[in-house]
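J.: Below is the structure, and that's it, no one-letter string:
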């Protein structure tokens, strides 16, 4: 008994010692903001992703001997609310870095805030390429492959098809328009014979699916390029199937292989579509297997693409701070430029030229297996192969050589 | 030609979906006069409950229809409970006050739905037998669409019979015409109102459940439908079920035609750019031509002809003046007292919104002109400043001066049309104009940057730090608030109130009521524009969101929370709303739930707004009782 007490006391003392050692070092504070209420389907897996990464980093002793702490906020899916939250994170919560956001206009507003306040911001999920090109600057990095890369990858697949007459359907806002623009110009480059015979621009989240499908049908295209997602995608698929729009036609579709957007459709998922996405069930690499196993154990759920993005975002910041050896913004920016990091999707690099990561995405065909949407015949395309040339990037960023 | 017919039939099916939801809202509005923002939430609940039950009972025909039936009854029950627990307590409040409570309910339902059903969309199933397509004129046309096309007139018929051929319907009509007379005849009209609310909710639930075979149940359904439904109700004439049907058909067909000719370009504007705003254009045109909608009757205004409950505006007593002076002194000293950067930022935001809310209160409280689209002038001011700063490269000081001009121009133009109407029709016309303005900002990418907006609009060097910018905003907002106060007590303010309280009397003594209202509308726009200009420099960027519906609703919530009939009310309301929201967001991801609960709680506790409660309490102070 005595012995037990002694050992208990000893371990208690040890515990206290380690805790005080850890406490003597204030944690490094990261501010996270995302549309947790407005776009929960994408952002909740994202939150789980960074949560897991956070635990991993802290169990490994943190960064620079300090623990990481994430202060997470809802950005209200609005630029104005996001700025309030960003202010709170930076001023009151004294966050050293910012990361997150999903919506493009929110991402851009926060990016501009980061430039003004000279805080490093890792835009995790927004797809607009303005973040790194037209509106790019030193304080913003972006992780997820942007609209251009995803559209260019799909255009490459589209060029392999026999289809010549194309119709497009995309939500009426910047993302939809730049996706169509990138797809068009890339496809016309690869196959000068294609023509675009119809375009539909339904308002985001308010598609009048029956009318859109009917109008597309009217144009008798060989193939369709789709950019709608979420509730719009569900309506478009349903009307399209009932009205026979997809019969005998190829459909090429942005993001529709991402579990976030396709899983709700279940066995009604459209078969044969060529999509970008994330086949978590089929990727057989050691790094992805490790991630998948850890994730399923931690959350009792399968990862979505957002999970990977959140996971990699936090690890990226941790590694950049570790490499810089300090939390000084300028030093961390320097460390992050050209930084390579292992991810569940393989190694990626944050390019020095535009601070865009060359994380890629998967392209494949949709099918349904056991009542679940699955991607088959997929391949991974690295962003490095699809990002525009350095010269173009410099031009877009308005930089002189 | 064949394809046109198919397109029109498709539009008719959309019209039916829209009508089912709108019929519920128009019944509720026609009888209880509640502007029910939560109608979209009930619609969403209908879809979610049905999708869960279908999953539970299987997708066979029996399971599907039983699920729809139970979901519809459940939503009716929820609606009834809503009326009993919340709205019933607010019938004696100033008109529109219930709007604030239903806005709180919207927030609550959003978070509760997320908590119960999770973030992922739920794809609906198609009922067996109605899942295929007929070959119609060489096109495949969904059987389900035909079912919807036939269902809407059926519902219309049932409702008409219910209201015109049953005893209950007669009682409801009596309750609408003269509730007090009905009550004195020994009919418990409370339960009639509850039943009507439940019936309206039930129809919303039906609309939601029947939407499932066409798509999914998702968390943004409520917001997607609510604006369209209001448009349909107003275009049809509030309270008119047949009108709602005609309006639904009208807006749906126009939208379908816009989609069918998406690439057609008129005067440089393509049809797809007009699609979303088309229903608001229809509403604006209808209201300008027919101020009470297609089949509506001239609105019988509240007792005494007041759209907003009015009280005499008294000059503040010594006490209140002292409190205000102290408040201003504290605000001025904040940076010196050691308020942090974020606190200063929040106070800056409160000041901006206080001015925005005060400008709306000026219009609503003094002019009796309700606006659902006040964000338009806020946004125009913001864009005015941002464009002056970016496109004309003016410094911040001059850009801020430019802000009110664009807002004034907009208010002057739209106001001319709006002041010809009254009550909720007027309010909806302001909403239509706000949406048209919004869509211009959204679509005119070359000038406004489209949905991404204009970035990099930060204050000049000298005002860049939080304290300096705070002082700048505080100075401008205080000056404007004093000016608004000055207007309220000037002959113009009295004339305005005379026009509000007794339009006939005011006209008789030579006041041009319409002119006074038009001036008030413009003035309110100008001050909203000033607030917008400050807003853009505070945020550093501007996007069309700043003039979207939620921004207008926020302003309304601030005014109603503070009290429509008090000049200090909106300031209080804005401060509380802004501060509460910011603090709740940093406290929890369930901030919408808490904010909603607080709003509903405040509504029930202070049914006359905070300032009204203050006044009532002040009346109990010694020496203040008459």
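T.: All right, it came through fine. Keep in mind the model is a prediction, meaning the values are calculated, not measured.
J.: all strands of the chain, in order?
T.: Here I'm looking at chain A. Ranges of strands in chain A, per DSSP state E, are A:28-34, A:68-74, A:97-100, A:120-123, A:140-142, A:165-169, A:195-200, A:223-226, A:250-257, A:274-277, A:340-341, A:348-349, A:361-369, A:372-381.
J.: My question was about chain B, not that one.
T.: B:122-123, B:133-136, B:139-142, B:216-217, B:265-266, B:269-270, B:454-455, B:541-542.
J.: now for the first one, which elements pack on it?
T.: Here strand B:122-123 is seen to pack against helix B:39-57, strand B:216-217 when contacts are counted using 3 or more Cβ pairs under 8 Å, 6 or more residues apart in numbering or on different chains; DSSP states H and E. Any C-beta I mention is one placed from the backbone N, CA and C, and that applies to glycine too.
J.: Distance from it to the middle of the chain?
T.: Relative to its chain's centre, strand B:122-123 lies at 28 Å (Cα atoms, centre = their mean, to the nearest Å).
J.: what lines up beside that strand in the sheet?
T.: Strand B:122-123 has its sheet partners listed here by DSSP bridges as strand B:216-217 (antiparallel).
J.: Repeat that for the second one.
T.: When pairing is defined by DSSP bridges, strand B:133-136 lines up against strand B:139-142 (antiparallel).
J.: contacts for the partner strand?
T.: Contact partners of strand B:139-142, identified using Cβ atoms under 8 Å, 6 or more residues apart in numbering or on different chains, comprise A:210, A:214, A:217, A:239, A:242-244, B:2-3, B:6, B:9-10, B:13, B:132-135.
J.: quick one on the thing from earlier: comparing the strands of chain B, which comes out most buried?
T.: Counting by mean count of other Cβ atoms under 10 Å in any protein chain shown, strand B:541-542 has the highest mean neighbour count of these, with a mean of 30.
J.: Please enumerate residues in contact with that strand?
T.: The contact list for strand B:541-542, computed with Cβ under 8 Å, 6+ apart, reads A:79, A:83, A:108-109, A:112-113, B:379, B:382-383, B:386, B:453-457, B:535-536.
J.: Could you do stretch B:434-443 as well?
T.: Contact with stretch B:434-443 is made by A:173, B:227, B:273-274, B:276-277, B:280-281, B:284, B:372-376, B:379-380, B:383, B:410, B:448, B:450-451, B:544, B:547-549, B:552, as judged by Cβ under 8 Å, 6+ apart.
J.: Pairing partners for residue A:200 in the sheet, please.
T.: Taking DSSP bridges as the rule, residue A:200 bridges to residue A:169.
J.: Surely it touches residue A:171?
T.: No. Look at residue A:200 against residue A:171 with Cβ atoms under 8 Å: they stay out of range, at 9.9 Å.
J.: any weak-confidence spans in the chain?
T.: Reading this off chain A. Of all residues in chain A, those with pLDDT under 70 make up the ranges A:1-24, A:400-401.
J.: Not quite, go with chain B.
T.: Low-confidence regions of chain B, defined here as pLDDT under 70, cover residues B:95, B:299-311, B:619-626.
J.: residue in it nearest to chain A?
T.: Using Cβ to the nearest Cβ, the closest approach of chain B to chain A is made by residue B:119 at 3.2 Å.
J.: who touches the nearest residue to that residue once chain neighbours are set aside in this structure?
T.: The shortest distance from residue B:119 to any non-neighbouring residue, by Cβ to Cβ, 6 or more residues apart in numbering or on different chains, is to residue A:40 (3.2 Å). Contacts here follow Cβ under 8 Å, 6+ apart; on that basis residue A:40 touches B:114, B:118, B:119, B:219.
J.: Tell me how many other residues surround residue A:38.
T.: Neighbour count of residue A:38, defined by other Cβ atoms under 10 Å in any protein chain shown: 22.
J.: any idea how far the closest residue to it other than its chain neighbours lies from residue A:106?
T.: Counting by Cβ to Cβ, 6+ apart, residue A:38 lies nearest to residue A:77, which is 2.9 Å off, once chain neighbours are set aside. In this view, residue A:77 and residue A:106 are 7 Å apart by Cβ to Cβ, to the nearest Å.
J.: between the two, which one's more packed in?
T.: Legend: neighbour count by other Cβ under 10 Å for residue A:77 and residue A:106, higher for residue A:106 (31 against 22).
J.: Would you mind measuring the gap between the ends of stretch A:371-391?
T.: Taking Cα to Cα, to the nearest Å, stretch A:371-391 runs 47 Å from one end to the other.
J.: can you list the residues that contact that stretch?
T.: Against stretch A:371-391 from outside (Cβ under 8 Å, 6+ apart): A:145, A:148-149, A:152-153, A:257, A:262-263, A:265-267, A:269, A:275, A:277, A:279, A:281-282, A:345-346, A:348-349, A:351, A:353, A:356-368, A:393, A:396.
J.: That stretch: which residues count as buried?
T.: Buried residues in stretch A:371-391, counting neighbours by 16 or more other Cβ atoms under 10 Å in any protein chain shown, are found at A:373, A:374, A:375, A:378, A:381, A:382, A:383, A:386, A:387, A:388.
J.: gap between it and the chain center?
T.: In this view, stretch A:371-391 has its centroid 13 Å away from the chain centroid, taken as Cα atoms, centre = their mean.
J.: swap in stretch A:76-86?
T.: Here stretch A:76-86 is found 19 Å from its chain centre; the criterion is Cα atoms, centre = their mean.
J.: One more: stretch A:56-69?
T.: With Cα atoms, centre = their mean as the basis, the distance from the averaged C-alpha position of stretch A:56-69 to the chain average is 24 Å.
J.: if we can go back for a sec, residue contacts, the residue of chain B closest to chain A?
T.: A:40, A:41, A:43, A:44, B:219.
J.: Which of the residues you listed fall in helices?
T.: Mapping the contacts of residue B:119 onto helices (DSSP state H) picks out A:40, A:41, A:43, A:44.
J.: Show me which residues of the stretch 451-600 of chain B are close to chain A?
T.: For the stretch 451-600 of chain B, the residues found near chain A under the criterion Cβ under 8 Å from any Cβ of the partner chain are B:451-453, B:455-456, B:458, B:466, B:535, B:538-541, B:543, B:545-546, B:550, B:582, B:585-586, B:589, B:591-592.
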